[in-house]
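1. Need a 3D model of the following:
(one chain, ligands or ions: 1)
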Amino acid sequence: MSPIWHPSPNFGPRRDGLRPELVVLHYTAMDSAEAALARLCDPSVEVSAHYLIGADGTVWQMVDETARAWHAGAGEWRGQGDVNSRSIGIELDNRGDHPFSEPQMSALENLLPGILARWHIPATGVIGHSDMAPGRKRDPGPHFDWLRLERAQLARHRGAGHGSQDAPPDVFRALAQNLGYSADVDDQTLLSAVRLRFRPWATGPLSARDFAPLTHPALWT
Ligand SMILES: [Zn+2]
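-> Residues are numbered from 1 along each chain as shown. Okay, here's the model as predicted:
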């Protein structure tokens, strides 16, 4: 089913001839898709995204993929800023404190392949807002099912290697940077961001299990 076109005035041209090389996933942190849609199309708020997926699986498109939507804000990935110029933004109707619904995840799985194909974006280019804005953003949050996207070849497969029990934080940082976590943040903020993606319910100090997802995956996509 094609998305429902619901245009937002909140967009501009991509800068410096940049093209989408990332897809950034968000949650709306609002009570309903309709409320989020109104906000994402309100010129006074100056935020938007290319797509919004409702909890019932309805997909709205607000900004043409060729244009620069305003969803990412400050942050960077793989050492590069202006993520808005480099990405497609997808908002998921979710308050942030509960699981994402099956129809919504199905709709996301149906929407992503076309985007990745149109812009030649590899699965490794699908990231969360929290990945590119560590310490500032937590969405799509601990309830988002990244493993499901990985199994569908729609996100980078986590590694299954073994970290050394006493591996130091600078090794962890180097591995994380290698994946794309390039923002200049302290060790704890970096650990929190990486855990949000791979081990959202983990607590305590850096452990060997935090290293495993960052190692080379069995299947690289
Ligand atoms: Zn966000």
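2. tell me how far the lowest-mean-pLDDT helix or strand in the chain is from the chain's mean position?
-> Here the helix or strand of the chain ranked lowest by mean pLDDT, DSSP states H and E is helix 208-211, holding a mean of 90. With C-alpha atoms, centre = their mean, to the nearest Å as the basis, the distance from the averaged C-alpha position of helix 208-211 to the chain average is 21 Å.
3. One more: stretch 6-26?
-> 14 Å.
4. and that stretch, is it in reach of the ion?
-> Yes: contact check for stretch 6-26 against the ion, using C-beta under 5 Å from the ion: residues in range are His26. Using the backbone N, CA and C atoms, a C-beta is placed for each residue, glycine as well.
5. Averaged pLDDT, that stretch. What do you get?
-> Predicted confidence along stretch 6-26 averages 98 (mean pLDDT).
6. Check stretch 172-186 too.
-> Taken as a whole, stretch 172-186 has a mean pLDDT of 95.
7. any weak-confidence spans in the protein?
-> Counting by pLDDT under 70, the ranges of the chain that qualify are 162-166, 217-221.
8. Domains in it, by residue range?
-> Taking automatic domain parsing as the criterion, the chain consists of the domains 4-151, 169-219.
9. from these, which stretch is densest packed?
-> Each of the domains of the chain was assessed for mean neighbour count using mean count of other C-beta atoms under 10 Å. The highest is domain 4-151, with a mean of 19.
10. Throw the domains of the chain into a markdown table and include distance to Gly161, thanks.
-> Putting the domains of the chain into a markdown table (distance: least, C-beta to C-beta, whole Å) gives the following:
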| stretch | distance to Gly161 |
| --- | --- |
| domain 4-151 | 15 |
| domain 169-219 | 3 |
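11. For the most centrally placed residue in the chain, list the residues it contacts.
-> In the chain, the centroid-proximal residue (C-alpha atoms, centre = their mean) is Gly128; its distance is 1.8 Å. Contact analysis of Gly128 by C-beta atoms under 8 Å, 6 or more residues apart in numbering lists 24-26, 139-140, 144, 146, 196-197.
12. and this structure, which residues reach the ion?
-> With C-beta under 5 Å from the ion as the criterion, the chain meets the ion at residues 26, 129, 139.
13. Who are the packing partners of the longest helix anywhere in the chain?
-> Secondary structure of the chain read by DSSP state H shows that its longest helix is helix 102-119. Applying 3 or more C-beta pairs under 8 Å, 6 or more residues apart in numbering; DSSP states H and E, we find helix 102-119 packed against strand 22-27, strand 51-53, strand 87-92, helix 146-151.
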